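In: Whatever this is, show me its structure:
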Amino acid sequence: MAITIKDVEHVASLARLSFNDGEKKKLATELNDILKYVEHINSLDTSAVEPLSHVIELSNVFRADGLRPSISREEALKNAPAATEKFFKVPKVINER
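Out: Below you'll find the model as predicted:
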């Protein structure tokens with residue numbers, strides 16, 4: 001199946017694009033080249049190739065979860081520019097109505 005200039009015009013109108021005659025001709029040629037390449041790929045024997053869900057093997061790169069000691073609240077609040085007894089004190093960012 002070949003792509004015609006009329007097909008390019010139809011797709012361009014669906015996408016609300018406008019092309020001049022030279023661009024339409026170039027797009028039709030490029031799309032036909034793509035279709036020829038897909039036909040070439042479809043003609044290859046892939047019966048011995050296993051289907052893949054991804055081109056590359058994926059594996060989890062995260063470390064395992066585990067309990068570890070953390071810094072205390074007091075130690076964390078020591079580094080804060082402003083704090084109350086239990087919380088970080090931050091400037092108000094929401095205006096009242």
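In: Gly66 and Arg73, how far apart?
Out: For Gly66, the distance to Arg73 equals 21 Å [Cβ to Cβ, to the nearest Å]. C-betas here are computed from N, CA, C, even on glycine.
In: sorry, that was for Tyr37
Out: Taking Cβ to Cβ, one finds Tyr37 at 62 Å from Arg73.
In: now the protein, which segments are flagged as low pLDDT?
Out: 96-97 (pLDDT under 70).
In: Give me the residue at the spatial middle of it.
Out: His54 (14.7 Å; Cα atoms, centre = their mean).
In: Where do the helices of this structure begin and end?
Out: 5-14, 21-43, 73-78 (DSSP state H).
In: tell me the angle the second one makes with helix 5-14.
Out: Following axes from the mean of the first three to the mean of the last three Cα atoms, to 10 degrees, one obtains 100 degrees for the angle between helix 21-43 and helix 5-14.
In: where's the residue located most distally from the centre of the chain relative to Glu74, distance?
Out: The centre of the chain is farthest from one residue, Glu85, which by Cα atoms, centre = their mean lies 43.9 Å away. The gap separating Glu85 from Glu74 is 10 Å, by Cβ to Cβ.
In: Ends of stretch 46-58, what's the gap?
Out: End-to-end span of stretch 46-58 (Cα to Cα, to the nearest Å): 23 Å.
In: again with stretch 9-26
Out: Terminal residues of stretch 9-26 are spaced 12 Å apart (Cα to Cα).
In: list the buried ones in it?
Out: Neighbour-count burial for stretch 9-26, counted by 16 or more other Cβ atoms under 10 Å, picks out Glu9, Lys24.
In: For that stretch, what is the distance to the chain centroid?
Out: Relative to its chain's centre, stretch 9-26 lies at 27 Å (Cα atoms, centre = their mean, to the nearest Å).
In: This completes my enquiry, with thanks.
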